[in-house]
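Trainee: Sequence first, then the predicted structure, then my questions.
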Amino acid sequence: MNDFQEILDRRYRGFDTLGAMSNNRINLTNQFLIAMPGMADPTFSGTVVYLCQHNERGAIGLVINKPTDINLQSLFDRLDLKLEIEPLIHQPVFFGGPLQMEQGFVLHESNGTSYSSSLSVAGGLEMTTSKDVLEAVAQGEGFNRFLLTLGHAGWSAGQLEDEIGKNGWLTVDADSNILFNIPPADRFEAALALLGISSMMLSADAGHA
């Protein structure tokens, strides 16, 4: 058995051969999903997804390594918001996933401010969808590190577990440095490095016992 196979076996002992979770439920909130080469859905090929919530009803997350050709200035212009902070003008807006692509999602550090529609994530982050968070960004208020996406990724009850069981994803505890500081093009390899592996070690037919 090679080292990569051993890593898979250790990480997925909680899943049976059908991809369902064992009685000791696994909560993947605040973890990265890293797409395997055998990912069946081309939308998620080569992606890293940050999971904002995972429970018995399903999961929601944001793709963090697929910038679009829209930057913050152009998005804020569409919303009639003046972006006051010069360094943010060229920051990209990311493809967050194929669901609700007309909706903006802001993943940011918690700063004690209450926004109209926020989901608190274990690990000190929040995902906010209300316009007041964009107004705070435009005015340079609120937080220093954030990621803005259009759309999100979502899974119904048991769907993500099934995809993991079929070797669609690797999982690892999220790292805020990768989320906010590492260039988007390097985030896939950086997330894999958290597991002690690289993309050269991946193969489409890698599995787990």
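Mentor: Good, I have the coordinates. Residues are numbered from 1 along each chain as shown.
Trainee: From now on I want contacts and neighbour counts done on CA atoms only, so please keep to that.
Mentor: Noted.
Trainee: Wasn't residue 179 part of a helix?
Mentor: Yes: membership of residue 179 in a helix is supported by DSSP: H, G, I helix; E, B strand; the rest coil.
Trainee: residue contacts, the closest residue to it other than its chain neighbours?
Mentor: Nearest residue to residue 179, sequence neighbours excluded (Cα to Cα, 6 or more residues apart in numbering): residue 64, at 6.8 Å. Neighbour list for residue 64: 47-50, 94-96, 147, 179, 184, 187 [criterion: Cα atoms under 8 Å, 6 or more residues apart in numbering].
Trainee: The residue nearest the centre of the chain: which element?
Mentor: Nearest to the mean C-alpha position of the chain, by Cα atoms, centre = their mean, lies residue 50 at 2.0 Å. Here residue 50 sits within strand 48-55, counting by DSSP states H and E.
Trainee: Same question for the following helix or strand past that strand: list its buried residues.
Mentor: Next along the chain after strand 48-55, taking DSSP H and E as the criterion, comes strand 58-63. Residues of strand 58-63 classed as buried under the neighbour-count rule (16 or more other Cα atoms under 10 Å) are 59-63.
Trainee: returning to what we had before: let's see the pLDDT reported for the residue nearest to the centre of the chain.
Mentor: The model reports residue 50 with a pLDDT of 97.
Trainee: ok so, going back, now, which of the buried residues of strand 58-63 sits nearest residue 140?
Mentor: Of all the buried residues of strand 58-63, residue 140 sits closest to residue 62, with 23.1 Å by Cα to Cα.
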